[in-house]
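>>> have a look at this prediction, sequence included:
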Amino acid sequence: MADKIRVKNVAKSFGTSRGALPVLEGIDFAVGDGDFVALVGPSGCGKTTLLNIIAGFERPDEGEVSIDGIPVTGPSPRGIVISQLGSVFPWLTVRQNVMFGLRGQPIAERRRLADHYAHLVGLEGFENAYPHELSGGMLKRVEVARALAPRPEILYMDEPLAALDALTRFRMRLELRRILAQERPTCLLVTHDVEEAIHLADRILILSARPARIEGIVDVPFPHPRKLSSPEAVQLKEDILRTLGA
Ligand SMILES: Nc1ncnc2c1ncn2[C@@H]1O[C@H](COP(=O)(O)OP(=O)(O)O)[C@@H](O)[C@H]1O
Ligand SMILES: [Mg+2]
């Protein structure tokens with residue numbers, strides 16, 4: 001399959017009061033069109049920085065990122081980020097939040113699309129609810145709906161489920177699989193949760209501690225729905241944790 005994302009030999013340091021802090025070194029990989037790739041690595045290793053560089057919000061010091069063969073020089077509406085912190089507007093309803101990313105279309109069409117995506121993520125009946133009336137898991141659904149409504153080619157997810165309790169996180173993983181199987185954007189997921197990566201991704205890039213380098217790349221060949229307690233999945237998790245030095 002053609003490369004959707006190509007990351008070529010990317011390096012990045014931040015200037016701090018105590019001198020340069022090297023964060024990324026020699027990062028080189030490709031993501032095929034429609035693939036789901038997870039980046040796992042210890043806290044503070046540079047995962048968010050790498051995602052921000054790929055999404056065009058930061059510039060690398062060395063190397064280059066290209067999407068469909070075209071160098072990235074800034075953010076593009078073809079890619080959308082779902083972050084850990086969440087970015088649902090508290091003063092807008094569910095429908096208005098989902099409509100927010102849809103510009104340049106008649107209002108009736110935006111409403112129709114917003115309701116379609118609200119239903120897709122399981123928020124039917126809550127179109128007119130405000131965020132304070134929703135649970136953490138439902139807020140996450142609003143975010144997923146808002147990210148998908150403009151039909152992005154690439155979905156960047158930075159620890160999207162980290163703020164949820166364990167049970168809701170597990171449910172949302174299953175939901176993400178279901179939803180993304182229907183929409184099929186290229187997905188790049190940053191997580192420190194190895195199980196989440198095994199549950200969701202086709203391929204996992206294992207990053208070292210800072211400065212992050214690629215320590216290993218593993219394929220996840222198990223068909224969906226995946227059983228994380230299967231001997232193969234448990235073995236894969238152990239292998240990844242060992243590569244991470246845990
Ligand atoms: N804008 C910045 N200026 C200075 N240091 C930064 C900046 N952004 C991130 N860092 C530092 O870079 C390192 C990697 O950060 P980050 O990419 O957020 O890690 P991760 O997402 O893997 O937890 C951390 O030590 C962080 O403090
Ligand atoms: Mg981060």
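Now that the structure is in, tell me what you want to look at. Ligands and ions are numbered 1, 2, ... in the order given.

>>> secondary structure element for the residue nearest the centre of the chain?
For the chain, residue 157 is the residue whose C-alpha lies nearest the centre (Cα atoms, centre = their mean; 1.6 Å). Take DSSP states H and E as the rule and residue 157 turns out to sit in strand 154-158.

>>> show me what the next helix or strand after that strand is packed against.
Tracing the chain past strand 154-158, the next element assigned as helix or strand by DSSP H and E is helix 166-183. Using 3 or more Cβ pairs under 8 Å, 6 or more residues apart in numbering; DSSP states H and E, the elements in contact with helix 166-183 are helix 136-148, helix 194-200. For the C-beta atoms, the positions are set from N, CA and C on the backbone; glycine is no exception.

>>> so who does the residue nearest to the centre of the chain touch?
Going by Cβ atoms under 8 Å, 6 or more residues apart in numbering, residue 157 touches 81, 82, 187, 188, 189, 190.

>>> of those - the most surrounded one?
For the contacts of residue 157, the largest number of neighbours (other Cβ atoms under 10 Å) sits with residue 188, at 27 neighbours.

>>> how about the contacts made by that residue?
The contact partners of residue 188, taken as Cβ under 8 Å, 6+ apart, are 5, 31, 37, 38, 39, 51, 54, 154, 155, 156, 157.

>>> what residues go with each domain of this structure?
As assigned by automatic domain parsing, the chain contains the domains 3-78+154-243, 89-151.

>>> for those, which one sits closest to ligand 1?
domain 3-78+154-243 (3.3 Å; Cβ to the nearest ligand atom).

>>> do stretch 178-196 and ligand 2 meet at all?
No - figure legend: stretch 178-196 not in contact with ligand 2 (Cβ under 5 Å from the ion); closest approach 6.4 Å.

>>> go through that stretch and flag the buried ones.
By neighbour count with 16 or more other Cβ atoms under 10 Å, stretch 178-196 contains the buried residues 179-180, 185-196.

>>> so does that stretch get close to ligand 1?
No - in terms of Cβ under 6 Å from any ligand atom, no part of stretch 178-196 sits within range of ligand 1; the closest distance is 6.6 Å.

>>> check the offset of that stretch from the chain's centre.
Computed by Cα atoms, centre = their mean, to the nearest Å, the separation of stretch 178-196 from the middle of its chain amounts to 6 Å.

>>> same thing with stretch 205-216?
For stretch 205-216, the separation from the chain centroid amounts to 18 Å (computed by Cα atoms, centre = their mean).
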